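In: No sequence on hand, only this structure:
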């Protein structure tokens, strides 16, 4: 029985936090530790650093994705920028350092590279005695995930494991587990029942749109494009916390003729994403690591639309290479591509089979088992 386990995320994008929450849940369910804490490391930094780190990422996703992609590629140089990053961390993260030195966890598990590099530095200075695990929450490995003094890495793909090994990480420290997701995504829920539950037509093709990191304009253009689908379909748009986006799309939905070939169902923030996925035939959106892992667990084929340069672009490459998604870079042809896919049942069935093959719905449980029992399977 472990005394203290600390799960660390950073709220620069929601995926890292969701992965940490899934892992926290799995740790509680397993009963392997007396005290499990999940901490957003950015809550223990200076206000300016926290605002710049989190908001700058979101702003670039929405307004300057090309700049984000350039930064991503520039920083993807293994071991090259660690001194500069640590200097910034030490300047801005003293409250976080104090938390670590006070709590003194037996295992420290990081779903973001920011807390991981601070833990690694403290271990190297012998200011912290903890076993250290890093969970890579994208399908590809970026150089910023590399830290010294890491006991275990958990990754999504065999290729990512091979990449780490090529950079000198011993194979016995790497487990191909998948990315941890909420266990609710492992629950089987019947498609027709979920459509009826949310007021959807059980017989219409159902397309789920996840706004994710989109700005308001691109989502509207995407939805307007989907209105041109040839088949009878219903488009469910998850707006999340984008209140203005929801207001605009609600107006668009009300403006449609009653006999419209394609209907719109606009949803704000929801905790039932798994049920909307169960109701859908396709997911249209951006391939963030967590959203992708959730969709794979639900057996849902993705239509990738304009992935953000950087990690989303690389996630898209892996999904396309594995035959688990299609991609559309030009919104005017999106309805054509979807109609064409759904008109070819053999192709669609092959994509679904590849989705099921790639899915790792029990990643969180496997990670807990590996940490406690040293299970190297994966």
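Out: Cool, the structure landed. Not measured: the values here are computed from a predicted model.
In: C-alpha only now, for contacts and for neighbours.
Out: Will do.
In: Now do the same for residue 132: helix, strand or coil?
Out: Assigned with DSSP: H, G, I helix; E, B strand; the rest coil, residue 132 falls in the strand class.
In: so residue 299 touches residue 354, yeah?
Out: No - contact criterion CA atoms under 8 Å: residue 299 and residue 354 do not qualify, at 9.0 Å.
In: out of these two, which sits in the more crowded spot?
Out: Higher neighbour count among residue 299 and residue 354: residue 299, with 24 against 19, using other CA atoms under 10 Å.
In: check contacts around residue 97.
Out: By CA atoms under 8 Å, 6 or more residues apart in numbering, residue 97 lies in contact with residue 118.
In: Wasn't it part of a helix?
Out: Yes - under three-state DSSP, residue 97 falls within a helix.
In: Look at it and report its pLDDT.
Out: You'll see residue 97 listed with a pLDDT of 94.
In: Name the nearest residue to residue 328, sequence neighbours excluded.
Out: With CA to CA, 6 or more residues apart in numbering as the criterion, residue 328 has its nearest non-adjacent residue at 5.1 Å, and that residue is residue 305.
In: Pull the contacting residues for the one you found.
Out: Residue 305 sits next to 284, 285, 286, 327, 328, 329, 331 when contact means CA under 8 Å, 6+ apart.
In: with these in mind, which one is nearest to residue 350?
Out: Distance to residue 350 across the contacts of residue 305 (CA to CA) is lowest for residue 327, with 15.8 Å.
In: Does that closest one lie in a helix or a strand, and which?
Out: Here residue 327 sits within strand 325-328, counting by DSSP states H and E.
In: hang on, the earlier thing: gap between the residue nearest to residue 328 and residue 67?
Out: Per CA to CA, to the nearest Å, residue 305 is found 18 Å from residue 67.
In: what about residue 29, which SS state?
Out: helix.
In: now it: how far from residue 97?
Out: Noted for residue 29: a distance of 28 Å to residue 97, by CA to CA.
In: just residue 326 next, same as before
Out: 44 Å.
In: for residue 129, same thing?
Out: Distance from residue 129 to residue 97, by CA to CA: 13 Å.
In: what does residue 73 give?
Out: When residue 73 is compared with residue 97 (using CA to CA), they lie 29 Å apart.
In: Which residue ranges of the stretch 201-350 of the chain form strands?
Out: For the stretch 201-350 of the chain, strands defined by DSSP state E, counting those that start in this stretch occupy the ranges 205-210, 233-238, 262-267, 282-285, 301-305, 325-328.
In: For those strands, could you give me TSV that also reports mean pLDDT?
Out: Below are the strands of the stretch 201-350 of the chain laid out as TSV (pLDDT from 0 to 100):
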stretch	mean pLDDT
strand 205-210	96
strand 233-238	96
strand 262-267	96
strand 282-285	96
strand 301-305	96
strand 325-328	97
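In: Mind listing residues that contact the strand holding residue 327?
Out: Counting by CA under 8 Å, 6+ apart, 301, 302, 303, 304, 305, 306, 316, 319, 320, 334, 337, 351 sit against strand 325-328.
In: again, but for stretch 279-286
Out: 190-195, 205-213, 277, 295, 300-308, 312.
In: Residue nearest the middle of this structure, spatially speaking?
Out: Central residue of the chain (CA atoms, centre = their mean): residue 290, 2.1 Å from the mean position.
In: That residue contacts residue 179, correct?
Out: Yes - with contact defined as CA under 8 Å, residue 290 and residue 179 form a contacting pair (7.0 Å).
In: how about the helix or strand bottoming out on mean pLDDT in the chain: buried residues?
Out: One helix or strand of the chain scores below all others by mean pLDDT, DSSP states H and E: helix 47-63, with a mean of 79. Neighbour counts over helix 47-63 (16 or more other CA atoms under 10 Å) mark 49, 50, 57, 58, 60, 61, 62 as buried.
In: contacting residues for the fifth one?
Out: Residue 60 makes contact with 67, 68, according to CA under 8 Å, 6+ apart.
In: ok, so what distance separates it from residue 219?
Out: Counting by CA to CA, the gap from residue 60 to residue 219 is 16 Å.
In: ok, for residue 49, nearest residue in space, not its chain neighbours?
Out: That would be residue 92: by CA to CA, 6+ apart, it lies 6.5 Å from residue 49.
In: I figured the one you found hits residue 42, correct?
Out: No - taking contacts as CA under 8 Å, residue 92 lies outside contact range of residue 42: 9.8 Å.
In: Same drill for these two, tell me which one is more crowded.
Out: residue 42 (24 against 19).
In: quick one, what contacts that one?
Out: Per CA under 8 Å, 6+ apart, neighbours of residue 42: 10, 11, 50.
In: Need those residues in TSV (columns: distance to residue 134).
Out: Formatted as TSV, the contacts of residue 42 follow (distance: CA to CA, whole Å):
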residue	distance to residue 134
10	13
11	16
50	21
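In: Tell me the one among those nearest to residue 271.
Out: So of the contacts of residue 42, ranked by how close each gets to residue 271 (CA to CA), first place is residue 11, at 17.9 Å.
In: Now do the contacts for the closest one.
Out: Counted by CA under 8 Å, 6+ apart, residue 11 has contacts 17, 40, 41, 42, 54.
In: One more: residue 174?
Out: Counting by CA under 8 Å, 6+ apart, residue 174 makes contact with 152, 153, 154, 155, 161, 376.
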